[in-house]
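Asker: Return atomic coordinates for the entry below.
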Amino acid sequence: MQERDSEPVVLEDVDDHAGLTFEVEEEDREESGKTVRNKGIYLLPNLITTAALFSGFYAIIAAMKGIYDKAALAVFVAALFDGMDGRVARMTNTQSAFGAEYDSLSDMVSFGVAPALIVYSFSLQSLGKLGWMASFVYTAAAAFRLARFNVQIGQVDKRYFIGLSSPLAASVICSLVWAGVDNGVNVHVPWVAVAIALLTVLTAFFMISNFRYYSFKEFDRSRVPFAMMLPAVFVICAVASDLPIGILAVTIVYALSGPVAALWGRNRRKQVAT
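Answerer: Next up, the predicted model:
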């Protein structure tokens, strides 16, 4: 009776993972189909992600100390670093599964936990249970948004985000806090605190919605009419005249662009059908 050939079984070296180790191993599939093991991580993109994580952590510490304007600014700095790490990884061809997971965890701290704690300490704590529930709804929505984004990579049009991205949602919340601090608004007045809670929950809803938001990922390679530069200059001047209010207005307009575009598209389809 002829014996059937069996594929060789490769046993992992147990000693590689024994004792105290800080090594990271990843499996990469080459173009030839061969799977290779790479040890270590890419320094530059993960260093930028660490800077984003540090900014989010500092924002939490600043909010605990009642320095709300610096806490809000730290979240904006985290958003800046978050936009850099992916571009740097693509430019230097240093993308990795570890980097993607690390970036997602950093985003959860900087854009999920930090904004919720900032707005809770700033205003929502005066509402008692309603306040921390609104903050938790935002945090949970950010976690759902990041998880959905991870599983939809490569399946959706890169020109659009499905749901409001977590950095933009954090910008809405933190610009609101910054504007409140800068203008001396009494955010502990019941109706003001309730309005902030409603905006927090609404922003959370936009994150987990199916509204499409333009991602601007191909904006730098797109041609626009020359006349578009004049409105852009006016917007920049308006934002610069009162930075907190200007950023708040821009982020709210962007957050509303998703549902407005969805309603506009539905009405146009109804008109075409009739």
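
Asker: going forward, measure contacts between C-alpha atoms and count neighbours the same way
Answerer: Noted.

Asker: ok now do residue 82, which residues does it touch?
Answerer: Residues near residue 82 by C-alpha atoms under 8 Å, 6 or more residues apart in numbering: 48-49, 52, 103, 107.

Asker: can you do 6 Å?
Answerer: Counting by C-alpha atoms under 6 Å, 6 or more residues apart in numbering, residue 82 makes contact with nothing.

Asker: Which positions in the helix or strand containing it come out as buried?
Answerer: In this assignment (DSSP states H and E), residue 82 forms part of helix 68-91. For helix 68-91, a neighbour-count test (16 or more other C-alpha atoms under 10 Å) marks 68-69, 71-79, 81-82, 85-86, 88-89 as buried.

Asker: before we move on, what about stretch 117-131?
Answerer: In stretch 117-131, counting by 16+ other C-alpha under 10 Å, buried: 117-127, 131.

Asker: Where do the strands of this structure begin and end?
Answerer: 25-29, 35-39, 160-162, 212-214 (DSSP state E).

Asker: State the mean pLDDT of the second one.
Answerer: Model confidence over strand 35-39 averages 62 on the pLDDT scale.

Asker: Report the separation between residue 69 and residue 229.
Answerer: 31 Å (C-alpha to C-alpha, to the nearest Å).

Asker: Check residue 185 too.
Answerer: Counting by C-alpha to C-alpha - residue 185 and residue 229 are separated by 34 Å.

Asker: give me the beta-bridge partners of the closest residue to residue 215 other than its chain neighbours?
Answerer: The shortest distance from residue 215 to any non-neighbouring residue, by C-alpha to C-alpha, 6 or more residues apart in numbering, is to residue 160 (4.8 Å). Beta-bridge partners recorded for residue 160 (DSSP bridges): residue 214.

Asker: Against residue 234, how distant is residue 160?
Answerer: 25 Å.

Asker: Of the two, which one has the most company?
Answerer: Neighbour count, other C-alpha atoms under 10 Å: between residue 160 and residue 234, residue 160 has more, with 15 against 11.

Asker: Model confidence score at that one, please.
Answerer: You'll see residue 160 listed with a pLDDT of 78.

Asker: Numbering from 752 from now on, please.
Answerer: Yes, from this point I'll number from 752; that puts the last item at residue 911.

Asker: Quick check, it in contact with residue 965.
Answerer: Yes - at 4.5 Å, residue 911 counts as touching residue 965 under the criterion of C-alpha atoms under 6 Å.

Asker: hmm, back to that, next one: the helix holding residue 833 to chain centre, how far?
Answerer: 9 Å (C-alpha atoms, centre = their mean, to the nearest Å).

Asker: same deal with stretch 988-1002?
Answerer: Per C-alpha atoms, centre = their mean, the centroid offset for stretch 988-1002 relative to its chain is 20 Å.

Asker: And that stretch, end to end?
Answerer: Stretch 988-1002: ends 16 Å apart by C-alpha to C-alpha.

Asker: Let me see the mean pLDDT of it.
Answerer: So the average pLDDT for stretch 988-1002 ends up being 85.

Asker: ok, and what's touching it?
Answerer: Contacts with stretch 988-1002, where a contact means C-alpha under 6 Å, 6+ apart, come from 923, 926, 929-930.

Asker: which regions of the stretch 802-951 of the chain sit below the pLDDT cut-off?
Answerer: Within the stretch 802-951 of the chain, the stretches with pLDDT under 70 are 905-908.

Asker: ok, 90 please
Answerer: Low-confidence segments of the stretch 802-951 of the chain (pLDDT under 90): 834-853, 899-914, 935-936, 938-939.

Asker: for it, what spans make up the helices?
Answerer: 819-842, 848-858, 865-873, 880-902, 917-933, 941-959 (DSSP state H, counting those that start in this stretch).

Asker: And the fifth one, what does it pack against?
Answerer: So the one you mean is helix 917-933. Applying 3 or more C-alpha pairs under 6 Å, 6 or more residues apart in numbering; DSSP states H and E, one finds that helix 917-933 contacts helix 819-842, helix 994-1024.

Asker: Could you export the ones you listed to TSV, including columns for distance to residue 941?
Answerer: As requested, the helices and strands packed on helix 917-933 are arranged in TSV below (distance: least, C-alpha to C-alpha, whole Å):
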stretch	distance to residue 941
helix 819-842	20
helix 994-1024	21
